[in-house]
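Asker: What follows is a predicted structure for the sequence shown.
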Amino acid sequence: MNKPVLEITDATLAYGEKTLWTNLNLAVQPHEFIAVIGSNGSGKTSLLRAILGQEPLTSGSITVAGKPVTAGSASIGYIPQHRSTDASTPMRARDLLRLGFDGHRWGLPLPTRKMRARVNHVLDCIDGHDLADSAIGTLSGGQLQRFRVGQAVIGNPSLILADEPLSALDLHQQQSVANLLDEERREHNAAVIFVTHDVNPILGMVDRVLYLANGHFRIGTPDEVMRSEVLSELYGTQVDVVRNQGRIVVVGTHDHDHHPDEEWV
Amino acid sequence: MIFNFTDFGALLPLITNSLIAGALLALVGGLIGVFVNTRDMSFAVHGISELSFAGASFALLAGTDVVLGSIAGSLVAAGLIGVLGAKARERNSIVAVLMPAGLGLGIMAISLYKGQALNKFGLLTGQIVAVDVPQLAWLAGISVFILAVLAVVWRPLAFASLDPEVALARGVPTRGLSVVFMLLLGLAVAASVQVVGALLVLSLLVTPAAAALRVTKVPGLVAVLSVAFAMVSVIGGILLAVGAGLPISPYVTTISFLIYLACRLIERFRK
């Protein structure tokens, strides 16, 4: 086995009385695609924040490429949730890519041959030349998220963290962005931690699922975790996992405090 | 007659200091303005300038260096806004609270001041053509400092301003940069107050960049146009003021406003 890209050891995160997860152990190998699933408030996004060093653990440790992360890292690529951008934002799609490449470095943003070559290479990869000079405020959700994938891989990260990158996209866009991410993480040899409430768009590319609920979790392949008996035990109530035409539907989690779509876990 | 340029040639040597000061301020204001706009801090600039005015007025009353007082007021305001108003909505109310407080204190100080009336007025609405050598040295020092720091932090500051969530994940010290930017902004405001006056600082630190953002989305070009617009406004304003014998600020603000209007028209025409 290779050295893990991400190693989470006996990690616990609790806020006062509320425990999000306890004794979480996870070693992610390079090339692995991990889906983190769970209802709202189950600590999915907190896990990403903990990996980035933005959320101190109650106990345990997390290392990325063997080192703890204190405040973000240039060896991590990050894909945020889609947000529409103000139309006056002075940034073209190619500038978004560039920020991912050298935006974290000090100094003036003088153009370099290496930067141009890298941006052009990524534009090839994401098929983005036509939109490269568009202001990002004019891009559709799916178009922007494709550039977000490019921005995440342009710095050759060993780990990509994605926080609900497909939410607010239509089904067709979801599949196109997910497929692009899968191609690009293979091309760039990066592991992926993909936080989502719907596993279906990424079902074909996921190696393992980390399912969070009620302060507990299960880790395993989708076939091991996405089963009625496993999720029933996790939730402590009868939960049915229905497979229908290649899609997985979870029924009975009583997560009615959010959009009905999220039943489709 | 509003304009009288008959002895313009004789006047030019007298306004050399003002022109140099104006050019420095335009350069600094045009560049800082880009970040003021992308970080949505236009209103904060106004708040800082009122406290800068208060600081300058107290310095005038106390008989100490006006620029120093102005800087002190600016930095206090920038610090308070930075610490208390991390979120945009909170920031607006903090600024709205600080602004009248600063203005009131400043007016009190200049009312108590028994010296030249012209100076009092100047802090609010700008000087005529009266940048002396020590003042110019201050302005030059502040400007060089701001430009030097900007040259170091530009790239991560742009990342943190345009794409804060990803910048934070990539290891950009967004909070530290925010403090650094407030410091630079405070200094830029203090410097601008000396020439255009507290009430009109926005015309240097906000309008040129806002105009540039109307006509281009290319980051480098935004900075270049913003500086160019600020330069035309300030230098043009000074030259016109010399001919008219009025304060420079109405000219600076009018030119800068007309440029903004023109940019909006260009934007509309393109669509």
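Answerer: Alright, I've got the coordinates. Keep in mind that this is a model prediction, so the values were computed, not measured.
Asker: Please count neighbours and contacts with C-alpha atoms only from this point.
Answerer: Noted.
Asker: which one is A:Leu26 nearest to, not counting chain neighbours?
Answerer: In this structure, A:Leu26 finds its nearest non-sequential neighbour in A:Ile8, 5.0 Å apart by C-alpha to C-alpha, 6 or more residues apart in numbering or on different chains.
Asker: Enumerate the residues of chain B near chain A.
Answerer: Residues of chain B lying close to chain A (C-alpha under 8 Å from any C-alpha of the partner chain) are B:38, B:151-156, B:158-159, B:162, B:165-173, B:213-214, B:216-219, B:222.
Asker: Counting neighbours, which of those end up buried?
Answerer: With burial judged by 16 or more other C-alpha atoms under 10 Å in any protein chain shown, the buried subset of the residues of chain B next to chain A is B:38, B:153-156, B:158-159, B:162, B:165-173, B:213-214, B:216-219, B:222.
Asker: Keep only those of those residues that are in strands.
Answerer: The members of those all map outside strands under DSSP state E.
Asker: dump the residue contacts of A:Ala65.
Answerer: A:3-6, A:158 (C-alpha atoms under 8 Å, 6 or more residues apart in numbering or on different chains).
Asker: Okay, it and chain B: tell me how far apart.
Answerer: Using C-alpha to the nearest C-alpha, to the nearest Å, A:Ala65 is found at 15 Å from chain B.
Asker: same thing with A:Asn40?
Answerer: From A:Asn40 to chain B the distance is 20 Å (C-alpha to the nearest C-alpha).
Asker: do A:Leu212 as well
Answerer: Distance from A:Leu212 to chain B, by C-alpha to the nearest C-alpha: 23 Å.
Asker: Secondary structure element for that residue, which one?
Answerer: strand A:208-213 (DSSP states H and E).
Asker: Run through who's touching that strand.
Answerer: Contacts of strand A:208-213 (C-alpha under 8 Å, 6+ apart): A:21, A:32-39, A:42-44, A:217-222, A:225, A:234-235.
Asker: just the buried members of those?
Answerer: Buried members of the contacts of strand A:208-213, counted by 16+ other C-alpha under 10 Å: A:21, A:32-39, A:42-44, A:217-219, A:222, A:225, A:234-235.
Asker: Give me the residue ranges of chain B where confidence is low.
Answerer: Counting by pLDDT under 70, chain B shows low-confidence ranges at B:1-8, B:10-11, B:85-86, B:88, B:116-120, B:127-131.
Asker: try 50 this time
Answerer: Scanning chain B for pLDDT under 50 picks out B:1.
Asker: now the helices for it?
Answerer: Assigned by DSSP state H, the helices in chain B fall at B:8-11, B:16-38, B:42-62, B:66-84, B:88-112, B:117-125, B:133-162, B:164-169, B:174-196, B:202-205, B:207-215, B:219-244, B:249-270.
Asker: Next, the buried residues of the last one.
Answerer: Right, helix B:249-270. Applying 16+ other C-alpha under 10 Å to helix B:249-270 flags B:249-253, B:255-257, B:259-260, B:263-264 as buried.
Asker: Let me have the contacts of A:Ala65 in CSV, extended by neighbour count, pLDDT and distance to chain B.
Answerer: Compiled in CSV, these are given as follows (neighbours: other C-alpha atoms under 10 Å in any protein chain shown; pLDDT from 0 to 100; distance: C-alpha to the nearest C-alpha, whole Å):
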residue, neighbour count, pLDDT, distance to chain B
A:Lys3, 12, 83, 22
A:Pro4, 18, 88, 20
A:Val5, 21, 89, 16
A:Leu6, 24, 90, 15
A:Ser158, 22, 90, 12
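Asker: Among those residues, which are located in strands?
Answerer: Short answer: these in strands (DSSP E) are A:Leu6.
Asker: Adding distance to B:Ala140, write the contacts of A:Ala65 out as a markdown table.
Answerer: Listed next are these as a markdown table, based on distance: C-alpha to C-alpha, whole Å:
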| residue | distance to B:Ala140 |
| --- | --- |
| A:Lys3 | 55 |
| A:Pro4 | 54 |
| A:Val5 | 50 |
| A:Leu6 | 50 |
| A:Ser158 | 46 |
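Asker: quick one: the residue of the stretch 51-200 of chain B found nearest chain A and A:Gly150, what's the gap?
Answerer: Of all residues in the stretch 51-200 of chain B, B:Gly171 sits closest to chain A, at 3.8 Å by C-alpha to the nearest C-alpha. Counting by C-alpha to C-alpha, to the nearest Å, the gap between B:Gly171 and A:Gly150 amounts to 18 Å.
Asker: And B:Ser192, by the same measure?
Answerer: 41 Å.
Asker: now B:Pro134
Answerer: 52 Å.
Asker: Of those two, which one has the most company?
Answerer: A:Gly150 (32 against 11; other C-alpha atoms under 10 Å in any protein chain shown).
Asker: hang on, isn't that one packed against A:Leu99?
Answerer: No. Using C-alpha atoms under 8 Å, A:Gly150 is not in contact with A:Leu99, being 10.8 Å away.
Asker: In terms of helices and strands, where is A:Val249?
Answerer: Assigned by DSSP H and E, A:Val249 belongs to strand A:247-251.
Asker: Using CSV, write out every CA atom in that strand.
Answerer: The C-alpha atoms that make up strand A:247-251 are tabulated as CSV, following Å, rounded to 0.1, in the frame of the first residue of the first chain:
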residue,chain,number,x,y,z
ARG,A,247,-30.0,4.8,-8.6
ILE,A,248,-30.0,4.5,-4.8
VAL,A,249,-32.9,5.9,-2.8
VAL,A,250,-32.9,6.0,1.0
VAL,A,251,-36.3,6.1,2.5
